[in-house]
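1. quick one, what's the 3D model for this:
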Amino acid sequence: MPSEPRADAFTVTGGAQLGWINASWPFGKLSVSSGLLTISSPFSRAYVFEPEQVMALEPCGWIPILQRGVRIVHANPRYPSRIVFVGFQSPERLIERMHQAGFVPALPDTRLPRRPGLPIRGSAVLVLVAACAILFLLSRGPDGGPGPSMLLALALLYAAASALPRSRWLQSWMLNPGRSVDEIRLPLQLLRLASGLVLALLVAAAVLGAGA
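-> Numbering: from 1, shown residues only. As a prediction, the model looks like this:
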């Protein structure tokens with residue numbers, strides 16, 4: 001027969017800091033049992049840990065209620081290095097509940113990766129910004145409005161934001177070694193939404209203007 005879950009296992013709603021993603025209450029969820037710890041948000045994937053992947057559960061932050069939380073110090077290279085759950089309970093009490101549920105970190109310090117700096121390579125950002133800047137400078141149309149170069153620049157931003165989460169080659173070029181695209185998933189989604197919306201509006205305006 002399958003084993004029954006421990007009575008101390010629990011799920012709590014709060015906020016979550018997942019790399020660059022900052023999901024405020026009630027868009028973060030923490031679920032803890034003896035063998036698994038899961039932090040999830042509608043804005044990102046679910047991050048699942050076993051005790052052997054976690055070195056420590058640390059209190060972090062200094063603003064009571066609003067910003068104090070529990071940081072999951074882990075060794076999964078495909079997850080953001082900063083994963084924090086923020087709840088209404090004190091971090092110390094929440095960590096105590098995790099231990100009571102049977103989740104005790106088991107990872108030695110020597111296995112913890114060190115990944116300072118930003119996920120994106122500075123050279124990749126410079127290339128993308130320079131390409132868009134050149135296209136914007138050449139974007140003035142014959143009637144003083146936006147020209148084809150501006151539409152091309154917006155299409156380039158939209159394509160880059162859409163392709164980066166799916167393309168291994170693009171990730172190897174744009175991301176620093178050992179970093180994950182999940183760390184910048186929300187900024188990519190916002191960039192895709194903004195560039196796609198502006199591009200659609202400009203194309204619609206150009207079509208309506210040509211038909212007038």
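2. what segments of this protein are strands?
-> 10-18, 21-32, 37-41, 44-49, 54-60, 69-74, 83-86 (DSSP state E).
3. of all the ones you listed, which lies closest to residue 129?
-> strand 21-32 (22.7 Å; C-beta to C-beta). All C-beta spots, glycine's among them, are computed from the backbone N, C-alpha and C.
4. rewinding a little: okay if I get the strands of the chain as CSV plus mean pLDDT, mean neighbour count and distance to residue 200?
-> Converted to CSV, these look like this (pLDDT from 0 to 100; neighbours: other C-beta atoms under 10 Å; distance: least, C-beta to C-beta, whole Å):
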stretch, mean pLDDT, mean neighbour count, distance to residue 200
strand 10-18, 90, 19, 29
strand 21-32, 87, 19, 25
strand 37-41, 92, 21, 28
strand 44-49, 90, 17, 26
strand 54-60, 89, 17, 41
strand 69-74, 90, 23, 38
strand 83-86, 91, 24, 35
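5. out of the helices and strands in the protein, which is least certain?
-> One helix or strand of the chain scores below all others by mean pLDDT, DSSP states H and E: helix 185-211, with a mean of 82.
6. and the angle for that helix with strand 44-49?
-> 170 degrees (axes from the mean of the first three to the mean of the last three C-alpha atoms, to 10 degrees).
7. against which helices or strands is helix 185-211 packed?
-> Packing partners of helix 185-211 (3 or more C-beta pairs under 8 Å, 6 or more residues apart in numbering; DSSP states H and E): strand 44-49, helix 148-163.
8. the shortest one vs strand 37-41, what angle?
-> If I follow you right, that is strand 44-49. 170 degrees.
9. which residues are contacting strand 44-49?
-> The contact list for strand 44-49 (C-beta atoms under 8 Å, 6 or more residues apart in numbering) reads 16, 18, 21, 23, 36-40, 72, 74, 76, 79, 83, 182, 185-186.
10. go again using 6 Å as the cut-off
-> 18, 21, 37, 38, 39, 40, 74, 79, 83, 185 (C-beta atoms under 6 Å, 6 or more residues apart in numbering).
11. picking that back up, wait, which of the helices and strands packed on helix 185-211 is closest to residue 104?
-> That would be, of these and by C-beta to C-beta, strand 44-49, which comes in at 11.9 Å.
12. listing partners with orientation, what would you give for that closest one?
-> strand 37-41 (antiparallel) (DSSP bridges).
13. rewinding a little: arrange the helices and strands packed on helix 185-211 in JSON lines, one row each, with distance to residue 94 as further columns.
-> Supplementary listing: the helices and strands packed on helix 185-211 in JSON lines, determined by distance: least, C-beta to C-beta, whole Å:
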{"stretch": "strand 44-49", "distance to residue 94": "15"}
{"stretch": "helix 148-163", "distance to residue 94": "35"}
